[in-house]
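Trainee: what shape does this take:
(one chain, ligands or ions: 1)
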Amino acid sequence: MDKTQLMKIKKDLVTRIKSSNNIPASPDIGTWPSDELDVANVNLVIETSIGTKLVENKLSAQMQRAIQKIDSGTYGICDSCQEKISPVRLEAIHYAINCIKCQRANEYQ
Ligand SMILES: [Zn+2]
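Mentor: Numbering: from 1, shown residues only. The predicted structure is shown next:
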């Protein structure tokens with residue numbers, strides 16, 4: 001992968017991190033209904049948005065790590081086993097920091 005490609009990927013990752021930070025963690029309290037049934041719904045919304053936020057934080061951390069790897073020249077090398085990550089995988093997932101084998105192993109933990 002050449003430097004131009006890496007810079008493009010880095011720019012893409014930075015943009016994604018910035019846009020994910022703009023999503024609010026919870027709905028605006030001022031507009032919440034006082035009705036009991038609606039309160040239950042609001043609680044559901046909060047739980048869902050917290051879950052989404054956690055996933056986003058994890059993604060954001062991965063993207064930041066990928067940027068670090070670009071800067072340190074280790075982009076495309078698996079963080080766990082130090083093997084090369086397949087170019088197809090990197091093409092599909094710019095923030096991949098693990099090879100598919102290690103990624104699968106992590107998911108089953
Ligand atoms: Zn690996």
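
Trainee: backbone dihedrals for the residue nearest to the spatial centre of the chain, please?
Mentor: Compute the mean C-alpha point of the chain, and by Cα atoms, centre = their mean the closest residue is residue 59, 1.3 Å away. Torsion angles at residue 59 (phi, psi; degrees, to the nearest 10) stand at phi -60, psi -40.

Trainee: my guess is it contacts residue 20, does it?
Mentor: Yes: with contact defined as Cβ atoms under 8 Å, residue 59 reaches residue 20; the gap is 7.0 Å. Heads up, the C-betas are built off the backbone N, CA and C, glycines and all.

Trainee: looking at the chain, which helix or strand is least sure?
Mentor: Counting by mean pLDDT, DSSP states H and E, the weakest-scoring helix or strand in the chain turns out to be helix 36-72, with a mean of 86.

Trainee: tell me which other helices or strands that one touches.
Mentor: Under the contact criterion of 3 or more Cβ pairs under 8 Å, 6 or more residues apart in numbering; DSSP states H and E, helix 36-72 touches helix 3-21.

Trainee: so what touches the helix it packs on?
Mentor: The list of residues contacting helix 3-21 from outside it, by Cβ atoms under 8 Å, 6 or more residues apart in numbering, reads 56, 59, 60, 63, 64, 66, 67, 70, 75, 94, 95.
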